[in-house]
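>>> need a 3D model of the following:
(one chain, ligands or ions: 1)
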Amino acid sequence: MLTISIDLGGTYVKTGILHHGSILEHGRIKVKNNLDFDGLLPDITKEVNRLIEASGKSSTLLDGIAIAFPGLVDSDKMKVTMTHKYPTAVDFDFIAWAQDNWNANVALINDARMAGIGEWQAGAGEGARHMAMITLGTGIGSFAVVDGRRLRGNGYRAGNLFGHISLDINGEVCQCGNLGCAESLASSWSLPELVKKDDDLKPLVAEDDSIINFKWLFDLYRQKQPGAIRVAEYCMKVWGMLSINMIHTFDPQVLVLGGGILNSADVIVPFIKKLVVQYSWLNADEIEIEHAFLGEDASIVGGYYLLKEVLTNKKCLASGKLR
Ligand SMILES: [Zn+2]
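Reported below is the predicted structural model:
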């Protein structure tokens, strides 16, 4: 089975082509303007063609394209329903795009869900009947499997919106419109404001604030810079409380922490484990807290399993086995 996975992040679009689930080739497109989906689409189309060529396989062998999108997605109609990142993608016809260009199937899903599927099928949550995952990056995403089934809900929100759980009722209005959301308190998009408010960090970014990111912050944290300790520990406390909310909601046996910020997993994972042991309503031996095994490839691998599921359902529907 030849599949392509595309993960539309806020900063980069990650891509990969897989043969029976093994990645043959990776790719990455820098996003110039993350509001402009129409401007990005030709680059994505070009990238799909490049991946097929690099794989050495014929485009006629392509079974489908799995797309992870930062927003709410109707995974039956394969349509984006709500997003703050690429507004013009709402109602874009992904099925026609894949059909017209490569005569291929398409599977569309929220980005945190696609990464979650990867970790559940072939990563830190492999074989788990109860699993939750938090992805920490430009924003915060989440995913949950309860009793062996991944949650969906009425509007595809179930287990998916923990980045927009309110952790501070006196907090600022988030990009989503809610008050004091987890990702408005501690994510890559909200980090610059935290840094600029800290008296010890502020002078370091006075000339160039484009250096601010979590890698930069955790490097300073390891050097015991007082401002970095303050801001990093505040962020980790937010993620720790969020982890406890996930645990209290879904009762997972494995909680997976993924996303680009987890490049500093050596600091973040032990810190969160400590908070969970201290504050959650469970015994430490009832849960495993793991860094995503697949790292940044979680969504690329997840795309393969998602597409496999979509194609199986399609076959069952056609043969009348699934109603
Ligand atoms: Zn929000």
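
>>> from Ile247, how far out is Lys274?
14 Å (CB to CB, to the nearest Å). For every residue, glycine as well, the C-beta is placed using N, CA and C.

>>> which one of those two has more residues nearby?
Taking neighbours as other CB atoms under 10 Å, Lys274 and Ile247 compare with Ile247 leading, 20 against 13.

>>> is the residue nearest to Phe143 when sequence neighbours are not counted part of a helix or strand, or is it coil?
Of all residues not flanking Phe143 in the chain, Gly116 sits nearest, at 2.8 Å (CB to CB, 6 or more residues apart in numbering). Under DSSP: H, G, I helix; E, B strand; the rest coil, the three-state class of Gly116 is helix.

>>> doesn't Gly303 make contact with Gly116?
No: applying CB atoms under 8 Å, one finds Gly116 not in contact with Gly303, separated by 11.9 Å.

>>> who's more crowded, those two?
Set Gly116 next to Gly303 and count neighbours by other CB under 10 Å: Gly116 wins out with 34 against 30.

>>> what's the distance between the more buried one and Cys316?
Going from Gly116 to Cys316 by CB to CB gives 23 Å.

>>> for Val31, same thing?
To Cys316, Val31 is 37 Å away according to CB to CB.

>>> how about the residue of the stretch 1-150 of the chain found nearest the ion, nearest residue that isn't a chain neighbour?
Closest contact between the stretch 1-150 of the chain and the ion, by CB to the ion, is at Gly139 (8.4 Å). Computed as CB to CB, 6+ apart, the closest residue to Gly139 that is not its neighbour in sequence is Glu183, at 4.7 Å.

>>> quick one: residues in contact with the helix or strand containing the one you found.
With elements taken from DSSP states H and E, the one containing Glu183 is helix 182-185. With contacts defined as CB atoms under 8 Å, 6 or more residues apart in numbering, helix 182-185 is touched by 139-140, 162-165, 167-168, 171-175, 189-190, 235, 238-239, 242.

>>> mind checking which of these are in strands?
Using DSSP state E, the subset of the contacts of helix 182-185 located in strands is Ile140.

>>> list only those of the contacts of helix 182-185 flagged as buried.
139-140, 162-165, 167, 174, 190, 235, 238-239, 242 (16 or more other CB atoms under 10 Å).

>>> output the set of residues of this protein in proximity to the ion.
Neighbours of the ion within the chain, by CB under 5 Å from the ion: His164, Cys174, Cys176, Asn178, Cys181.

>>> ok now the helix holding Glu183, how far from the chain's centre?
Helix 182-185 sits 15 Å away from the centroid of its parent chain (CA atoms, centre = their mean, to the nearest Å).

>>> stretch 214-233 too?
A distance of 24 Å separates the centroid of the chain from that of stretch 214-233, by CA atoms, centre = their mean.

>>> so how far is the lengthiest helix in the chain off the chain centroid?
Looking across the chain with DSSP state H, the single longest helix is helix 226-250. Put simply, helix 226-250 sits 18 Å off its chain's centre (CA atoms, centre = their mean).

>>> check stretch 186-203 too.
Its chain's average C-alpha position is 23 Å from that of stretch 186-203, according to CA atoms, centre = their mean.

>>> buried sites along that stretch?
Buried residues in stretch 186-203, defined by neighbour count with 16+ other CB under 10 Å: Ala186, Ser187, Ser188, Ser190, Leu191, Leu194, Val195, Asp198, Leu201.

>>> alpha carbons of it, as CSV, please.
Only the C-alpha atoms of stretch 186-203 are listed here, as CSV (Å, rounded to 0.1, in the frame of the first residue of the first chain):
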residue,chain,number,x,y,z
ALA,A,186,1.6,28.1,27.4
SER,A,187,2.2,27.2,23.7
SER,A,188,4.6,28.4,21.0
TRP,A,189,2.3,31.1,19.9
SER,A,190,1.8,32.5,23.4
LEU,A,191,5.5,32.2,24.5
PRO,A,192,6.8,35.5,23.2
GLU,A,193,4.4,37.4,25.5
LEU,A,194,5.5,35.4,28.5
VAL,A,195,9.1,36.1,27.7
LYS,A,196,8.6,39.8,27.1
LYS,A,197,6.8,40.2,30.5
ASP,A,198,9.7,38.6,32.4
ASP,A,199,12.3,41.1,33.7
ASP,A,200,15.2,38.7,33.4
LEU,A,201,14.4,37.5,29.8
LYS,A,202,13.1,40.8,28.4
PRO,A,203,16.6,42.3,27.8
